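*Asks:* Just to be clear, the model below is a prediction. Sequence and coordinates:
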Amino acid sequence: MSRTPAPGVVTDTARLVRDAAGEDRGALWRLAEPGRQLDSNVIRLAPDTGVAGHVEPDLDVLVCVVDGGGQLETADGRQDLAPGAVLWLPHGVRRSLTAGPDGLCYLTVHRRRAGLTIASAPAGAPASAPAQGPAPVPAPASAGYGGGEAACLLHLVCPGCGRLAQESGARFCSRCGEGLPTA
């Protein structure tokens, strides 16, 4: 018999921002309640850094700026972001975020992705690039099918979606919220 999740407060974004160490970057929090249909993360970007332009092909994302400021860039231009701004990022639309001089901290909410399975590639199959997000580090030509990123980067590869973390100290994936492996 499954238990119905209990409703209630799951985090306090003001406390997260206040209590985060100055160098804390990446996902500061993620929704982890069992049985949920949504994923949510609180992401913190360092001053004058950003999330490179990318297209999320499957999910609409709702973003609420909770601290700092920056800019959203889409094909329609740039929009300034400040605390309280709520953004809708429809699937299929190219977007990038850039933190301002005080950094940028925001809450994301989107439909939960279906679980992923990892299977062996067919014999002779080339390593495939991810459908979204930053490009992977290319393997040497002599490497052939290697099954993913170089071993030295494995602690930065999300086990849930395969995204390579841009922030060296990230604890959670900024795309899906999955905990990153410990080094």
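*Replies:* Looks like it came in fine.
*Asks:* Show me where the chain has its helices.
*Replies:* Using DSSP state H, the helices of the chain run over 13-19.
*Asks:* What is the neighbour count of Gly53?
*Replies:* 12 (other Cβ atoms under 10 Å). No exception for glycine: its C-beta is placed from N, CA and C like everyone else's.
*Asks:* residues contacting the nearest residue to it once chain neighbours are set aside?
*Replies:* Nearest residue to Gly53, sequence neighbours excluded (Cβ to Cβ, 6 or more residues apart in numbering): Ser96, at 4.0 Å. If you count contacts by Cβ atoms under 8 Å, 6 or more residues apart in numbering, Ser96 has them with 50-54, 72-73.
*Asks:* Kindly state the distance between the middle of stretch 93-112 and the middle of its chain.
*Replies:* Distance of stretch 93-112 from the chain centroid (Cα atoms, centre = their mean, to the nearest Å) equals 9 Å.
*Asks:* CA atoms only: put that stretch into CSV for me.
*Replies:* C-alpha atoms of stretch 93-112 as CSV (Å, rounded to 0.1, in the frame of the first residue of the first chain):
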residue,chain,number,x,y,z
VAL,A,93,12.7,27.5,-27.0
ARG,A,94,16.4,28.4,-26.9
ARG,A,95,17.3,30.3,-23.7
SER,A,96,20.3,31.3,-21.6
LEU,A,97,20.6,32.9,-18.2
THR,A,98,23.4,35.3,-17.1
ALA,A,99,23.9,36.3,-13.4
GLY,A,100,24.6,39.9,-12.7
PRO,A,101,27.4,41.3,-10.4
ASP,A,102,25.5,40.0,-7.2
GLY,A,103,24.9,36.5,-8.6
LEU,A,104,21.6,35.0,-9.4
CYS,A,105,19.5,32.5,-7.2
TYR,A,106,16.3,31.1,-8.6
LEU,A,107,13.7,28.4,-8.0
THR,A,108,12.8,26.1,-11.0
VAL,A,109,9.7,23.9,-11.2
HIS,A,110,8.9,21.4,-14.0
ARG,A,111,7.2,18.1,-14.6
ARG,A,112,9.3,15.2,-13.3
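*Asks:* That'll do, ta.
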